[in-house]
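>>> Sequence and computational prediction follow.
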There are 4 protein chains.
Amino acid sequence: MKHISKVEINKRKKEDSLYAAAYELFTTQGIHNTAISDIVKKAGVAKGTFYLYFKDKYDVLDKIILDKSSEILVEAIEHTNIKEFDSFEEKLLYFIDSIIEYLKENKLLLKLIYKNLSWGVVRKAYKDYKGINEIYYMFEDGLKDYDLKEGDIEKVIFIILELVGSVCYSCIVLGEPTEIDEMKPILFEIIKKII
Amino acid sequence: MKHISKVEINKRKKEDSLYAAAYELFTTQGIHNTAISDIVKKAGVAKGTFYLYFKDKYDVLDKIILDKSSEILVEAIEHTNIKEFDSFEEKLLYFIDSIIEYLKENKLLLKLIYKNLSWGVVRKAYKDYKGINEIYYMFEDGLKDYDLKEGDIEKVIFIILELVGSVCYSCIVLGEPTEIDEMKPILFEIIKKII
Amino acid sequence: MKHISKVEINKRKKEDSLYAAAYELFTTQGIHNTAISDIVKKAGVAKGTFYLYFKDKYDVLDKIILDKSSEILVEAIEHTNIKEFDSFEEKLLYFIDSIIEYLKENKLLLKLIYKNLSWGVVRKAYKDYKGINEIYYMFEDGLKDYDLKEGDIEKVIFIILELVGSVCYSCIVLGEPTEIDEMKPILFEIIKKII
Amino acid sequence: MKHISKVEINKRKKEDSLYAAAYELFTTQGIHNTAISDIVKKAGVAKGTFYLYFKDKYDVLDKIILDKSSEILVEAIEHTNIKEFDSFEEKLLYFIDSIIEYLKENKLLLKLIYKNLSWGVVRKAYKDYKGINEIYYMFEDGLKDYDLKEGDIEKVIFIILELVGSVCYSCIVLGEPTEIDEMKPILFEIIKKII
DNA sequence: TATGAATGAGAATTCATTCAT
DNA sequence: GATGAATGAATTCTCATTCAT
């Protein structure tokens, strides 16, 4: 068991508080209106300290986007996996609904990660991560009768998640063309047709 | 018949050159790296002149996004309407392919309008515009057998265009998860299922 | 009788509306926050027109200060002259009270003419003006028993009006050290001692 | 005993040099004609440093006005207190003459602090300051026979200092209605009558 | 006279980044 | 590692003034 020194813990605390401060400020005031000086003030550390842990504002932002994107997906799949379903269709729609509900509750986060909730990017970054792989397994199992080529499963996942993400952004953040709840039935109908 | 004075023509020229300069710089250097002083220098006008026509950088940007978004759609529908097709499916796929090919050729534009190619927003802004309405008519005619509720046609258009837009952005700009040409067959397959 | 042409009347109208607009804006938004473009917009004339009547912002301002300063004094003396008094003291205090009450009602004006309500300056500008001269006559008559040297009457008027003006500014505008109504008794007591 | 670090000393030096530069420029060129860039250039620091110590131009100005106003009064009272006088009247006139002579020598300063030499404001800001309190004691002692109400002493001081200040401004800066030396006898006569 | 588009100098302010302590 | 004072380039935006129409 690795020994983690007090210094190590302290460093981690600093980084965490910077990350948390950045997240809080980015979502509430926007990326544009958040300066590094705001972040360090909120985090309670000195300005120079920021540069010990991050390259610049966009470095933290990238970390946040990746973390939160995968968090959304992982939470939705875990949520889904504790239930039983009669069909893949049912399971998938439950999974997608979990994502939508999460984003509805976290409008500010959705605005922040904007349309960066890209399966392609998350998949690449977390290809060895259990939670993310489970999403793949769900689709693999569900689509096994379709005789899809190697790699096409990834593409289908990508397309569906792109669709969900961009519809959510438009409906939840912009309110265009309607509210998300009005869009859901049609969206689900379409997803059913896709699979 | 309205008289258009020399002054009026000159004003239009100034605004156009500012718009064109902004577009050129935004696409090649990015929005962040383009200062108002760059725009006016390129446009060959004084700094104050910019503020005679636009509120700030984002005011031009919004105009550009809206203009170009609709331009893409209008060009694709016009492109489509001069041809004959055996089925709606064939026609729709041709229309979508036109959009994709346009975006492939204009990667910088795609990056700029980001994922703002939102049917909801464009539709709202151009609801009396002939070109945009024709897209609606195409879908209305093609989907007439489905017995869709009033308003659902708009939702279907929205969903399909969101899908196409975000897939294009991810594949063409980020190259994730694959190139757009590899994605096209699956994407088309899925759209065929949707309708 | 001089013929005043329509053109002449029109010109006067323009100048008046510029003057009025400037006064309104100076008092409500402050001199600093009022640009020439604001004045012309409010006056309903073109920018260039401003320069046909005034040199710059401070040119109008100077005219306003002088006009309004003398207006205050003239109004107070006219107000006073329609009444009968038993003594010079009574008359003078009534005159001063008229000034104070006027300034209390026109706090914004007081702020604008600031401490420019200087007897020295007004006297110089309006030395042939009836209303202003009447103030002099009042003092001359009231102080005739004091055997003052030539010119000393002007000095006494000056000192008393300076005193009243600066006390009003401090009390009415700044509220320091107390409200003007609390200061009045002492101020009047002191003025009584002076004469 | 508080430790004052080298850093602390350095910071103080920077602030002082900015303050001094601002004072020099404000008095010689006027507030309007002094830009922040002029101040920092003169002070020999970077532009951003200015904002580390002051909010804006008017922030330094306010500090200067308050400082200098009290400096004038404190210097005059100290000047007065080292002497012996036979009466309060004599002492007061000496005190006032000290103020006038100071302002005569510092016409630029007088112009800057304008008519902001207000006893009300200075008193409020420095209510615990020894020098300023001594002025109060002088009056309290001198006026003890008058049986004045609590607070009335402050009002008398206020009125006399307002009078002196505004007469000085008008005579020394504007030269209206005459030079200060010609005004002095009458002014002193009036002050004698007041007390 | 009157107009108002165009000008461009110039002012204020911000903020990422460095570096001596 | 941690600090935070100092930097100064960069950017936005204003506005008095001009001048062709």
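Happy to help now that I have it.
>>> how distant is stretch A:16-35 from the center of its chain?
17 Å (Cα atoms, centre = their mean, to the nearest Å).
>>> right, I mislabeled it, should have said stretch A:30-46
With Cα atoms, centre = their mean, you get 23 Å for stretch A:30-46.
>>> same deal with stretch A:51-65?
With Cα atoms, centre = their mean, you get 17 Å for stretch A:51-65.
>>> do the same with stretch A:139-155
Using Cα atoms, centre = their mean, the offset of stretch A:139-155 from its chain centre is 23 Å.
>>> if you average pLDDT over stretch A:159-166, what comes out?
Mean pLDDT, stretch A:159-166: 93.
>>> which of the residues in that stretch are buried?
For stretch A:159-166, burial by neighbour count (16 or more other Cβ atoms under 10 Å in any protein chain shown) applies to A:159, A:160, A:161, A:162, A:163, A:164, A:165, A:166. For glycine as for every other residue, the C-beta is placed from the backbone atoms N, C-alpha and C.
>>> And stretch A:135-149, by the same measure?
Buried residues in stretch A:135-149, counted by 16+ other Cβ under 10 Å: A:135, A:136, A:138, A:139, A:142, A:143, A:148.
>>> which residues touch the first one?
What that stands for is residue A:135. A:73, A:77, A:95, A:157 (Cβ atoms under 8 Å, 6 or more residues apart in numbering or on different chains).
>>> element containing the third one, please.
Yep, that's residue A:95 we're talking about. helix A:88-105 (DSSP states H and E).
>>> quick revisit: name the nearest of the contacts of residue A:135 relative to DNA strand F.
residue A:73 (32.0 Å; Cβ to the nearest atom of the strand).
>>> Show me what secondary structure element comes after the helix or strand of chain A with the lowest mean pLDDT.
Least confident helix or strand, chain A: helix A:119-125 with a mean of 85, by mean pLDDT, DSSP states H and E. The helix or strand immediately downstream of helix A:119-125 is helix A:130-142, counting by DSSP H and E.
>>> which residues sit against stretch A:139-153?
Contacts of stretch A:139-153 (Cβ under 8 Å, 6+ apart): A:88, A:89, A:91, A:92, A:136, A:156, A:157, A:195, B:178, B:186.
>>> Surely the fifth one and residue A:156 touch.
No. Using Cβ atoms under 8 Å as the test, residue A:136 is too far from residue A:156 to be in contact (10.7 Å).
>>> Per the annotation, how does chain A divide into domains?
The record's domain parsing of chain A by automatic domain parsing lists A:1-54, A:64-194.
>>> How far off centre is the first one?
Yep, that's domain A:1-54 we're talking about. 21 Å.
>>> Report whether that domain contacts DNA strand F.
Yes. On the criterion Cβ under 7 Å from any atom of the strand, domain A:1-54 is in touch with DNA strand F at A:7, A:10, A:11, A:14, A:45, A:46, A:47, A:48, A:49, A:52.
>>> Check the residues you listed and tell me the two furthest apart.
A:7 and A:47 (21.0 Å; Cβ to Cβ).
>>> These two: who's more crowded?
residue A:47 (11 against 8; other Cβ atoms under 10 Å in any protein chain shown).
>>> List the residues that contact the more buried one.
So residue A:47 contacts A:36, A:37, A:40 (Cβ under 8 Å, 6+ apart).
>>> now with 6 Å?
Each residue near residue A:47 by Cβ atoms under 6 Å, 6 or more residues apart in numbering or on different chains is listed here: residue A:40.
>>> quick one on the thing from earlier: now the buried residues of stretch A:159-166 as a markdown table including secondary structure and distance to DNA strand F?
Putting those into a markdown table (DSSP: H, G, I helix; E, B strand; the rest coil; distance: Cβ to the nearest atom of the strand, whole Å) gives the following:
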| residue | secondary structure | distance to DNA strand F |
| --- | --- | --- |
| A:159 | helix | 37 |
| A:160 | helix | 39 |
| A:161 | helix | 35 |
| A:162 | helix | 32 |
| A:163 | helix | 35 |
| A:164 | helix | 35 |
| A:165 | helix | 30 |
| A:166 | helix | 29 |
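>>> ok, back up a step: what's the closest of the residues of domain A:1-54 next to DNA strand F to residue C:131?
residue A:47 (64.8 Å).
>>> how far away is residue A:95 from residue A:160?
10 Å (Cβ to Cβ, to the nearest Å).
>>> again with residue A:17
Computed with Cβ to Cβ, the distance linking residue A:17 and residue A:160 is 37 Å.
>>> Pull the residues that contact stretch A:168-176.
Contacts for stretch A:168-176 (Cβ under 6 Å, 6+ apart): A:103, A:107, A:110, A:111, A:115, A:180, A:183, B:118, B:120, B:121.
>>> for those residues, which one is nearest residue A:61?
residue A:111 (12.9 Å).
>>> Give me the buried positions along the helix or strand that contains that closest one.
Using DSSP H and E, residue A:111 sits within helix A:107-113. Neighbour counts over helix A:107-113 (16+ other Cβ under 10 Å) mark A:109, A:110, A:111, A:112, A:113 as buried.
>>> Need these in CSV (columns: pLDDT and distance to residue D:174).
Formatted as CSV, the buried residues of helix A:107-113 follow (pLDDT from 0 to 100; distance: Cβ to Cβ, whole Å):
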residue, pLDDT, distance to residue D:174
A:109, 95, 64
A:110, 94, 65
A:111, 92, 60
A:112, 91, 60
A:113, 88, 65
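>>> Tell me the residues of chain A that contact chain B?
A:115, A:118, A:120-121, A:154-155, A:158-159, A:162-163, A:166-167, A:170, A:176-177, A:186, A:190, A:193-194 (Cβ under 6 Å from any Cβ of the partner chain).
>>> Now the buried members of those.
A:115, A:118, A:120-121, A:154-155, A:158-159, A:162-163, A:166-167, A:170, A:176-177, A:186, A:190, A:194.
>>> how much space between the most centrally placed residue in chain A and residue A:106?
Compute the mean C-alpha point of chain A, and by Cα atoms, centre = their mean the closest residue is residue A:69, 1.5 Å away. From residue A:69 over to residue A:106 the distance is 12 Å, taken as Cβ to Cβ.
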